[in-house]
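S.K.: Only the shape, not the letters, is given here:
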């Protein structure tokens, strides 16, 4: 048995199909004809863009429009002036071949992403690698795609799968995915969840542990893979598969059902999103609203700040799509491990405790105000709320509120409509805020507990560090006391308290949070139906 990370739930039994790793030896050559080399590079770029446009159309048709958006970001990278320009400069100044110049630029981008602590951003390095591989393919004729799968119901075993790989997966032939590397936010994990096939990632060395044709069982619940099991184990898992499939069908009952506990308390089950297109999955799974819109993703994978108008259109789209359901927008949470290529940030010894989120925004009103204005303008089109991240004191919240009032006054003078009674809350993700919840509750309209950071700050345990991950425990008594105090303080002042961290979708944590009186649970859209079922049993 091999252990990894559970990335997509479910069970599968199938024969191994190993995706061979393609290796390219990049030979650095001196070139005299720079114009010719740049033309080679441009032809490879143009061809790559055409291929990605075709893949995007195929992906939209077979997997869904939201999931196909990743290929639009790939196309944008190939059109990015900074990325393409850096390759050209290397060709021109170094008199080197296009392959070597491209390789050097890809490597520098990969180092930046790999150095980030945030799991999501680290996984975005795979996008850069995927795009680079495609251009390499068109420069050299190297084929990096999956070989045609001839057998039915195989289990793909790979070091990793890129977006271009995953779009080729045929659900009728692929029963599961297992990779050596990756996490829950890797593309192989996201695509597997979309296709609703089991996936186990981060097994370290699965590609070295099996051979083509081996029989394996993939357990997407506990993140294990059983290699060449005996007949009794196979029978046991066939029963598990049958029971699980029945359970999935039953969960669809909860799509349009109001979530009420056995004692009669109504609880909202909402979703966390990172981009406007994620709304479709929320609606599909019967979400009661958006509990967290991570707006920083609007700022990433681009060469400049999004304008006020661009942000307004994105927020308006989400609010209108959700009709009158609540949409909670979190203001920019950048800094720490989330950096912008076009925003010069100071080097810090400990960026997670430094210049980030609300601290950066209060210092940079030129960044903060356009976002606040965009949010205010969008508030005229639906049930929009706003919250500030990384708040540690009443003083910080009042400073942010003061800038918000300035933006309100500007819009008033300009005759632009907005909700003058916009609800404004905070993320409770710093222990200081949880301990000061009683005082903060006098000023805020609501709390939303961000357990991902709250847990790691409380226990001084980096959740991305495997050496101390055993300490990262949502059910630690100290963490539970902070959560309980936050909920209690909110209710004493007649305010609501939500949770938008991973803990909100954890089936083991939900009963405790219901008992503490948590009003709203916000999680990934795919977790909503199971969470509803668990809550209604409480």
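M.R.: Looks like it arrived, so ask away. Keep in mind the model is a prediction, meaning the values are calculated, not measured.
S.K.: could you measure residue 95 against residue 438, distance?
M.R.: 67 Å (Cβ to Cβ, to the nearest Å). For glycine as for every other residue, the C-beta is placed from the backbone atoms N, C-alpha and C.
S.K.: now do residue 352
M.R.: Taking Cβ to Cβ, one finds residue 352 at 26 Å from residue 438.
S.K.: do the same with residue 40
M.R.: 66 Å.
S.K.: I'd say residue 354 and residue 360 touch.
M.R.: No. Look at residue 354 against residue 360 with Cβ atoms under 8 Å: they stay out of range, at 9.4 Å.
S.K.: neighbouring contacts of stretch 93-113?
M.R.: 26-32, 34, 37-38, 40-41, 44, 83, 86-88, 90-91, 121-122, 124-125, 128-129, 132, 135-136, 139-140 (Cβ atoms under 8 Å, 6 or more residues apart in numbering).
S.K.: elements contacting the longest helix belonging to the chain?
M.R.: Counting residues, the longest helix found in the chain (DSSP state H) is helix 34-62. Judged by 3 or more Cβ pairs under 8 Å, 6 or more residues apart in numbering; DSSP states H and E, helix 34-62 is in contact with helix 65-79, helix 81-94, helix 98-114, helix 125-140.
S.K.: That helix: how far from the chain's middle?
M.R.: Taking the mean of its C-alpha atoms, helix 34-62 sits 26 Å from the chain's own mean (Cα atoms, centre = their mean, to the nearest Å).
S.K.: Could you pull up the mean pLDDT of that helix?
M.R.: Helix 34-62 carries an average pLDDT of 85.
S.K.: the inter-axis angle of it versus helix 98-114?
M.R.: Relative orientation of helix 34-62 versus helix 98-114 (axes from the mean of the first three to the mean of the last three Cα atoms, to 10 degrees): 50 degrees.
S.K.: Give me the buried positions along helix 34-62.
M.R.: Applying a neighbour-count criterion of 16 or more other Cβ atoms under 10 Å, one finds 37-38, 40-41, 44-45, 48-49, 51-52, 55-56, 59 buried in helix 34-62.
S.K.: surely residue 56 meets residue 71?
M.R.: Yes. At 4.0 Å, residue 56 and residue 71 qualify as touching, with contact defined as Cβ under 8 Å.
S.K.: Tell me the secondary structure of residue 521, please.
M.R.: Look at residue 521: counting by DSSP: H, G, I helix; E, B strand; the rest coil, its state is strand.
S.K.: give me the number of residues near it?
M.R.: 30 (other Cβ atoms under 10 Å).
S.K.: Now do it against residue 137, distance only.
M.R.: For residue 521, the distance to residue 137 - Cβ to Cβ - is 44 Å.
S.K.: same deal with residue 295?
M.R.: Residue 295 is 35 Å from residue 137, by Cβ to Cβ.
S.K.: and the two? which has more neighbours close in?
M.R.: Counted by other Cβ under 10 Å, residue 295 and residue 137 do not tie: residue 295 has more neighbours, with 25 against 20.
S.K.: Name the nearest residue to residue 308, sequence neighbours excluded.
M.R.: Excluding the flanking residues, the one nearest residue 308 by Cβ to Cβ, 6 or more residues apart in numbering is residue 370, at 4.1 Å.
S.K.: buried sites along the helix or strand encompassing that neighbour?
M.R.: Using DSSP states H and E, residue 370 sits in helix 365-378. In terms of neighbour count (16+ other Cβ under 10 Å), helix 365-378 has its buried residues at 367, 368, 369, 370, 371, 372, 373, 374, 375, 376, 377, 378.
S.K.: From the rest of the structure, what touches the helix or strand immediately after it in the chain?
M.R.: Using DSSP H and E, the helix or strand that follows helix 365-378 in sequence is strand 384-388. Here strand 384-388 makes contact (Cβ under 8 Å, 6+ apart) with 315, 319, 326-331, 358, 375, 378-379, 396-397, 400, 404, 419, 422-427, 445-446, 448.
S.K.: for the helix or strand that strand 384-388 is followed by, packing partners?
M.R.: The helix or strand immediately downstream of strand 384-388 is helix 394-414, counting by DSSP H and E. Helices and strands touching helix 394-414, by 3+ Cβ pairs under 8 Å, 6+ apart, are helix 357-363, helix 365-378, strand 384-388, strand 424-428, helix 437-440.
S.K.: quick check: domain ranges of the chain?
M.R.: 2-19+146-230, 34-140, 255-536 (automatic domain parsing).
S.K.: Ramachandran angles for the spatially closest residue to residue 266 that is not a sequence neighbour?
M.R.: Leaving aside its chain neighbours, residue 266 sits nearest to residue 260 (5.3 Å; criterion: Cβ to Cβ, 6+ apart). Main-chain torsions, residue 260, degrees, to the nearest 10: phi -130, psi 130.
S.K.: Share the number of residues neighbouring residue 420, please.
M.R.: The tally of other residues near residue 420 (other Cβ under 10 Å) stands at 11.
S.K.: and the gap between it and residue 325?
M.R.: 21 Å.
S.K.: and what of residue 471?
M.R.: Counting by Cβ to Cβ, the gap from residue 471 to residue 325 is 37 Å.
S.K.: go on, residue 68?
M.R.: 25 Å.
S.K.: more neighbours, those two?
M.R.: residue 68 (20 against 17).
S.K.: Give me the nearest residue to the more buried one, chain neighbours excluded.
M.R.: Distances taken as Cβ to Cβ, 6+ apart put residue 59 closest to residue 68, at 3.8 Å, once the chain neighbours are dropped.
S.K.: picking that back up, the residue nearest to residue 308 and residue 309 touch, don't they?
M.R.: No. Using Cβ under 8 Å as the test, residue 370 is too far from residue 309 to be in contact (9.1 Å).
S.K.: Just give the number of residues close to the closest residue to residue 390 other than its chain neighbours.
M.R.: Using Cβ to Cβ, 6+ apart and skipping the chain neighbours, the partner closest in space to residue 390 is residue 357 (3.5 Å). By the criterion of other Cβ under 10 Å, residue 357 has 24 neighbours.
S.K.: so where is the stretch 301-450 of the chain shaky, pLDDT-wise?
M.R.: Within the stretch 301-450 of the chain, the ranges that satisfy pLDDT under 70 run 301, 336-338, 341.
S.K.: switch to 80 and redo it
M.R.: For the stretch 301-450 of the chain, applying pLDDT under 80 flags the ranges 301-303, 335-349, 351-352.
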